[in-house]
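>>> just a sequence and a predicted model for now, questions to come.
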Amino acid sequence: MIRTTLALITLGLSLFFAYGWYTQYYIRRTCFNEAGRCLDAETGVIYLEQSGPIWLLLAVLAFAITVWLAWQIRRA
C-alpha cells in the first residue's frame, strides 16, 4: 500500500516536472539568445536556458523512481 502511494506521488511529481519543462523551456527553445535568456514581452519575464535541463532531469528522475516502485510492486 505504501509503495503504491509512493508510486502515484512520484508519477504526479514527474508529470509536474515535465509540465514545468514544457512551459519553462520547450515552448521558448528558439527564443533564447547567445546569453541563454529569453524575454517574454507580454509578461516581462526572463526565462533562462539553463532551467530546461534541470526541469527535465527532475522529471526523468521522478519517473525512474516511479518505474522502480512499480517493478517492486509487481515483484511482490
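Right, received. Where do you want to start?

>>> only C-alpha atoms from now on, for both contacts and neighbour counts.
Will do.

>>> helices of this protein, start to end?
Secondary structure of the chain (DSSP state H): helices at 2-24, 51-75.

>>> now the residue most central in space within the chain, nearest residue through space, not along the chain?
In the chain, the C-alpha nearest the mean C-alpha coordinate belongs to Phe17, at 2.6 Å (C-alpha atoms, centre = their mean). Nearest non-adjacent residue to Phe17, counting by C-alpha to C-alpha, 6 or more residues apart in numbering: Ala59, 4.8 Å away.

>>> what sits against the residue nearest to the centre of the chain?
Applying C-alpha atoms under 8 Å, 6 or more residues apart in numbering, we find Phe17 in contact with 55-56, 58-59.

>>> quick one: the residue nearest to Phe17 and Leu15 touch, right?
Yes. Taking contacts as C-alpha atoms under 8 Å, Ala59 lies within contact range of Leu15: 6.9 Å.
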